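**Q** Okay, sequence plus prediction incoming.
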Amino acid sequence: MTSLGDRILGLGLLVLAVAYGWAAQQWPEPFGGAETVGPETFPTMLAVVLVAGSLYLMIKPDPDAQWPVGKSAFELVISLVVLVVYTLLLEPLGFVIATTLAVGTLSWRMGAAPRPAFLTGLLSAVVVFVLFNYGLSLSLPAGLLEVH
């Protein structure tokens, strides 16, 4: 990728960061009034970091950057597809199942054997689910595992 390509990518990421930051500010005010830390805090921090990174990419592009080719490009496309499918399956399947499948697939594509890859996905999904739901009282979608 040339420096022009870096600048175009930086501009695209800047547009994404601004849209993401704006969307984060659209969350309704929590019951009981405004809080210092609310549901928009983390997405806003991510948007600020993305703005900084995109501006840096536009101001100081890498003159020797190259597009990935061959196997590297193929693995990046697979990773992108896995992440898009993950976002589509998160609500219907639930966090634990969708995250197990996504982390397991990505770990496997990075070279881990299938069984350890998916066990890592399951373990990380359960730990994060328990941490968010019970430690931080922030609900993640249960999906198929929801108890009625």
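**A** Arrived safely.
**Q** which strands and helices sit next to the worst-scoring helix or strand of the chain on mean pLDDT?
**A** The helix or strand of the chain with the poorest confidence is helix 3-24; it has a mean of 87 (mean pLDDT, DSSP states H and E). Packed against helix 3-24, as judged by 3 or more C-beta pairs under 8 Å, 6 or more residues apart in numbering; DSSP states H and E, are the following elements: helix 41-59. (Each C-beta comes from the backbone N, C-alpha and C, glycine too.)
**Q** After the helix it packs on, which helix or strand is next?
**A** Using DSSP states H and E, the helix or strand that follows helix 41-59 in sequence is helix 71-93.
**Q** Isn't residue 132 up against residue 126?
**A** No. Counting by C-beta atoms under 8 Å, residue 132 does not reach residue 126; the two are 11.1 Å apart.
**Q** and the least confident helix or strand of the chain with helix 41-59, angle?
**A** Using axes from the mean of the first three to the mean of the last three C-alpha atoms, to 10 degrees, the inter-axis angle of helix 3-24 relative to helix 41-59 is 160 degrees.
**Q** name the element residue 112 belongs to?
**A** Using DSSP H and E, no helix or strand contains residue 112.
**Q** ditto for the one 3 residues further on
**A** Secondary structure assignment for residue 115, by DSSP H and E: helix 114-130.
**Q** What is that helix packed up against?
**A** The contact analysis (3+ C-beta pairs under 8 Å, 6+ apart) places helix 114-130 against helix 95-109.
**Q** Work out the gap between the helix it packs on and the centre of the chain.
**A** Its chain's C-alpha centre and that of helix 95-109 lie 13 Å apart, by C-alpha atoms, centre = their mean, to the nearest Å.
**Q** Retrieve the pLDDT associated with the residue positioned nearest the centre of the chain.
**A** In the chain, the centroid-proximal residue (C-alpha atoms, centre = their mean) is residue 83; its distance is 7.5 Å. Residue 83 carries a pLDDT score of 92 in this model.
**Q** got any ranges where the chain has weak pLDDT?
**A** Residue ranges of the chain with pLDDT under 70: 1-2, 29-38, 148.
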